[in-house]
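J.: My questions are about this predicted structure, shown below with the sequence.
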Amino acid sequence: MKPLGTGDPLRLGPYRLIGVLGAGGMGKVYLGRDSSGRPAAIKVLRPELAHQSNLAQRFVREAHAAQAVQSPGVARVLAAETEGGRPWIACEFLAGPTLAEAVERYGPLDGTALRAVGAALASTLTDIHAAGLVHRDVKPPNIVLTATGPRIIDFGIARPEHGLTLTSTGEAPVTPGYGPPEQVLGQRVGPPADVFALGAVLTLAATGQTAYQGSHVAAVQYEVVHGEPRLEGLPPDLYPLIAPCLAKDPAYRP
């Protein structure tokens, strides 16, 4: 966690901000505490973007999507404020590394841990789909490994099953190497899109290597659409479970 800097708010709603957990193109995530001392991760849209109605609407959609999912495998939304000059969403603070950080620091997961993570993520995706949503951005940085199991975070581009992939802002519709061919091509996506992402996530977790590789984003996306995943190193007993998740045709994914 980094200390607050110039321009960072000191308070948002009932939360006193303590530090910066992370930052991205759309905003920052702060650690805050309410009056009772309960911690929260507070995602805030950058001030220079807050006036763009489409981005504010995305914030609204993220809050509503996360609140619609009844699952122990996601971070609960505690509060949200999307009116005014600085939209923010407060979520349950999750202590633990992301799956990306864990693999980078400690290497691939062993068989027992890999099975536990895979089963928990599959169960959570079932809950997300039961709410009529597709997460659309399942990737290792969006999976936090907590003491009670992995939790999926960031519903920023979650949509109802019938939602289109492309956005009017021109933002990247998918994280390279984790979104399926139909999402890369800007076609309609359904729950099988998240199943594809699950296969790519578990490949990284099992081998330490991404399933689709390339020297730049376009090369990775080309491999997703036209190439074959690199699955060397998958445990033989898990290969029949993970490989079908990466089928080009969503109808062939489990």
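T.: Great, that's in hand.
J.: got a list of what the spatially closest residue to L234 that is not a sequence neighbour touches?
T.: Excluding the flanking residues, the one nearest L234 by Cβ to Cβ, 6 or more residues apart in numbering is A206, at 5.4 Å. For every residue, glycine as well, the C-beta is placed using N, CA and C. Residues in contact with A206 (Cβ atoms under 8 Å, 6 or more residues apart in numbering) are P108, L109, L114, G233, L234, P235, L238, I242.
J.: Same question for C91.
T.: C91 neighbours (Cβ under 8 Å, 6+ apart): A40, A41, I42, K43, A66, A75, R76, V77, L78, I153.
J.: likewise Q209?
T.: Counting by Cβ under 8 Å, 6+ apart, Q209 touches T203, R230, G233.
J.: re the thing from before, among the contacts of C91, name the ones in helices.
T.: Among those, the ones falling in helices (DSSP state H) are A66.
J.: Tell me the one among the contacts of C91 nearest to A95.
T.: For those, the closest approach to A95 (Cβ to Cβ) belongs to A41, at 10.3 Å.
J.: what about the closest one, how many neighbours?
T.: 20 (other Cβ atoms under 10 Å).
J.: cool, the one 4 residues further on as well?
T.: Using other Cβ under 10 Å, L45 has 22 other residues around it.
J.: my guess is it contacts W88, does it?
T.: Yes - L45 lies in contact with W88 (Cβ atoms under 8 Å); the separation is 7.2 Å.
J.: Name the member of the contacts of C91 with the most neighbours.
T.: The most crowded member of the contacts of C91, judged by other Cβ under 10 Å, is I42 (27 neighbours).
J.: can you tell me how far that residue sits from R11?
T.: Distance, I42 to R11, by Cβ to Cβ, to the nearest Å: 10 Å.
J.: Pull up the overlap in contacts between these two.
T.: By Cβ under 8 Å, 6+ apart, I42 and R11 have these common neighbours: L17.
J.: Would you mind listing where the stretch 51-200 of the chain has pLDDT under the threshold?
T.: In the predicted model of the stretch 51-200 of the chain, residues 51-53, 56, 83-85, 156-173 satisfy pLDDT under 70.
J.: For it, just list every one of the helices.
T.: Listed in chain order, the helices of the stretch 51-200 of the chain (DSSP state H, counting those that start in this stretch) span residues 53-68, 99-106, 111-130, 181-184, 191-207.
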